[in-house]
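*Asks:* Fold the stuff below for me.
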Amino acid sequence: MKLASLFAALLALGFFAAPAAAAAPTDQRGKDVPTKVEYYYRVKWGSLKKFIALYEKNHAPLLHEVQKDGFILDIKTEYPFTHLAAGPRWDMRVTIVYRDAAAAINDPEWESRWVEAKNRLYKDLKKFEAEEAERFSLLEEHWDVVISDYPG
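*Replies:* Below is the predicted model of the structure:
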């Protein structure tokens, strides 16, 4: 789901690059540094309330469960105050600060905790999957942006 696009973005930012010989020994881009990802959602006109309701019902509780396990340090959901033009328009942004790059993209423990939380929180998995499919059907577009505080 999130793995391919995040991996490509993190690779582009140099999270997985071998350190150059000239790099300072304190360069910690790739190891044990929080990784911030912004998730943007452009929702079909007239569908935002339904999208938010489904997000809050199904997806947000799972994020909070893995946050309890330490994979996520912070979650913030924001909505634009003013109307944006169609090209750059987004209706909802969720910013997640992961404990590190591995937690953001490829930690097998994350996946097992996610599945365990989903099975525990949602007894009717068919209904859960149908509602998640409906939530994504309300989207015009969705994109992820990995944010780096590293200046170089």
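
*Asks:* so how far is K57 from E134?
*Replies:* 11 Å (Cβ to Cβ, to the nearest Å). For the C-beta atoms, the positions are set from N, CA and C on the backbone; glycine is no exception.

*Asks:* P61 against L121, yeah?
*Replies:* Yes: counting by Cβ atoms under 8 Å, P61 touches L121, with 5.7 Å between them.

*Asks:* for the chain, what spans make up the helices?
*Replies:* Applying DSSP state H to the chain gives helices spanning 3-13, 48-54, 60-68, 101-105, 108-121, 125-137.

*Asks:* Quick one: mean pLDDT for the last one?
*Replies:* Averaging pLDDT along helix 125-137 gives 97.

*Asks:* and what of the first one?
*Replies:* Across helix 3-13, the average pLDDT comes to 43.

*Asks:* next one: the longest one
*Replies:* Per-residue pLDDT values across helix 108-121 average out to 94.

*Asks:* List the buried residues in that helix.
*Replies:* Buried residues in helix 108-121, counted by 16 or more other Cβ atoms under 10 Å: 110, 113-114, 117-118.
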